[in-house]
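> After the sequence you'll find the predicted model.
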Amino acid sequence: MSTQKPPNSSTHSTSKPTQKTIAEITGLAVTTVSRALQGDEKIAQATRLRVSKVAEEIGYVPDRAAQRLRTGKTKVISLILDPHNEILGFGNSLITGVAHALAGTDYHLNVTPQFLGGDPIEPVEYIVRNKLADGIIFSRTRPFDERVRFLRERSFPFTTHGRTEFGYQHSFVDYDNEKFAYESVLRLMQKGRRRICVILPPNHFTFHQHLNYGYMRAIRQEGLQCYIPEGINLDSDMPEIFEWAQTIARTSDAPDGFICPGETSFLAIANGYRQAGKERGRDFDAVVKSSSQTLHQIDSQIDNISEDIRQAGALLGANLLKTMLHPDGPFEQTIQDPDITFPALKSYQD
């Protein structure tokens, strides 16, 4: 009894697909297919995407064990992710951005958690010493970050979400937190606020300095009262920030303006002030850094300045691919400009 092959079947479906299979289907050379799967930027993006699509359609899976033996490469990128919640959806947005940058390459993304309170160098050392990845991405940098020093000494490819103060160069993507803080003070002053509080991250992070520089520059320039709280910071739990806000709201010198570098600190402060009988727009105002439309959906009149975390992830992925191709530089260094679009001023007395 004979069987008939489906109209579109080929010999490719009866054996394990290889790079040669992809080359036959696309009409490209095997070497071009190989370079496209590796994310070589000398291969046109359209070609890389076409190769990736065909590879997915035919079920091509590289033999990673053989590949690693042959090249010494894992074809894995490791993203070390902090579980902080300062910005809603930070982790998901960053992962999505990095994954987008790796699309069309044969690199896979692994996410490694960095637990709060743990030594940040530990996951980096573990990945490098056990050869678990070809490149590393990590965030929340410190001025003289031991992770950067460790990786530079070993010429291990990496890029960071955040800057350092080392004299040597390395790849990074960062947000202009100094400008965010400066423009936030000016906006609050425009709304008649004089005693302005900023919620800063722990002072061992580089972006603590950038936020503080921008904040103090505007405060001094405009002759306003500064207020930097003791006992809480950007990494404090929401209940802790809520209790602080509720207590401070009942004092005679309570801040009437807040700069929140993340949605969660604002939500806790707003709730604390509300419990103390204070109303936003009448008794206080805030400028919030956000990466989504969540706050806008809650109240379209909330002043927020956007940070595009998904774009940051895409830039980090692209920068790391370049660093792996050119480990001695030049290194890509990108500072994202805050997207400042405030709603028209409105009187809450109306």
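Looks like it arrived, so ask away. Note that the structure is a prediction, hence the values are computed from the model and not measured.
> From here on, just use CA atoms for contacts and neighbour counts.
Fine.
> can you give me the strands for the stretch 201-350 of the chain?
Shown for the stretch 201-350 of the chain, the strands assigned by DSSP state E, counting those that start in this stretch span residues 225-227, 257-260, 285-290, 303-306, 333-336, 339-340.
> Out of the ones you listed, which is closest to R217?
Smallest distance to R217 across those (Cα to Cα): 10.7 Å, for strand 225-227.
> in its sheet, what does that closest one sit against?
Strand 225-227 has the following strand partners under DSSP bridges: strand 195-198 (parallel).
> Could you list the low-pLDDT ranges of this structure?
Across the chain, the ranges flagged by pLDDT under 70 are 1-14, 63-72, 85, 116-117, 346-350.
> Could you pull out the helices in it for me?
Assigned by DSSP state H, the helices in the chain fall at 19-26, 30-37, 45-58, 64-71, 90-102, 121-129, 146-153, 177-190, 206-222, 238-249, 263-275, 294-298, 309-325.
> circling back: I'd like the strands of the stretch 201-350 of the chain written out as a markdown table, with distance to T74 and mean neighbour count added.
Output for those, formatted as a markdown table (distance: least, Cα to Cα, whole Å; neighbours: other Cα atoms under 10 Å):
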| stretch | distance to T74 | mean neighbour count |
| --- | --- | --- |
| strand 225-227 | 49 | 16 |
| strand 257-260 | 40 | 26 |
| strand 285-290 | 35 | 26 |
| strand 303-306 | 36 | 23 |
| strand 333-336 | 25 | 17 |
| strand 339-340 | 37 | 14 |
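> any chance of these in TSV, with distance to D176 too?
Below are these laid out as TSV (distance: least, Cα to Cα, whole Å):
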stretch	distance to D176
strand 225-227	21
strand 257-260	15
strand 285-290	11
strand 303-306	11
strand 333-336	6
strand 339-340	10
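> Am I right that Q246 is in contact with Q275?
Yes: between Q246 and Q275 there is a contact under Cα atoms under 8 Å: 6.5 Å.
> Between the two, which is the more surrounded one?
Set Q246 next to Q275 and count neighbours by other Cα atoms under 10 Å: Q246 wins out with 21 against 17.
> Next up, the contacts around the more buried one.
I269, N271, G272, Y273, R274, Q275, A276 (Cα atoms under 8 Å, 6 or more residues apart in numbering).
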